[in-house]
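K.L.:
Sequence first, predicted model second:
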Amino acid sequence: MRSVSVLAAIALLSGCATAGVPFPPSGNAGAALTEAEEAIQQARHAGADSLAPAPFLAARAYLSEAERQARENDPNRAAVRARQATAEARYARALVALTLAQRDRAAALAALDAIASRAPSDSTRAP
């Protein structure tokens, strides 16, 4: 009985993926596009184009797809793609922050190691 239920669910879901079924409402495409553009710009200013290129390029690709879908009068799909662009841009920006924090940490640890190597050892201190 369970396998019949699973098969019925799969059939139902695969039927929803066919071309004649309308895409579910996904919110305001214009607002989602604006948010994606702003997130990508913020990521670019943070240095994501060089420090997190993969998610940054994915964000730009999703935005291009969203713009195309908006031009083709498919606002629901455009809104979804724009939200994906926003998510990728925010992820890229977070990766930049992580990369910079890791660099700062490495520099601080190197400075501490340099200080420690110049400090007199306990055996050479005067009593």
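P.N.:
Ah, there it is. Numbers count the residues shown, from 1 in each chain.

K.L.:
Low-confidence ranges, this protein, go.
P.N.:
1-23, 121-127 (pLDDT under 70).

K.L.:
rerun that using 90 as the cut-off
P.N.:
For the chain, the stretches with pLDDT under 90 are 1-27, 119-127.

K.L.:
what about the helices in it?
P.N.:
Assigned helices in the chain, in chain order: 2-16, 29-46, 48-51, 53-71, 75-118 (criterion: DSSP state H).

K.L.:
any chance of these in a markdown table, with mean neighbour count too?
P.N.:
In short, each C-beta sits where N, CA and C put it, glycine included. Output for these, formatted as a markdown table (neighbours: other Cβ atoms under 10 Å):
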| stretch | mean neighbour count |
| --- | --- |
| helix 2-16 | 9 |
| helix 29-46 | 18 |
| helix 48-51 | 18 |
| helix 53-71 | 18 |
| helix 75-118 | 16 |
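
K.L.:
Off-centre distance for stretch 82-100?
P.N.:
4 Å (Cα atoms, centre = their mean, to the nearest Å).
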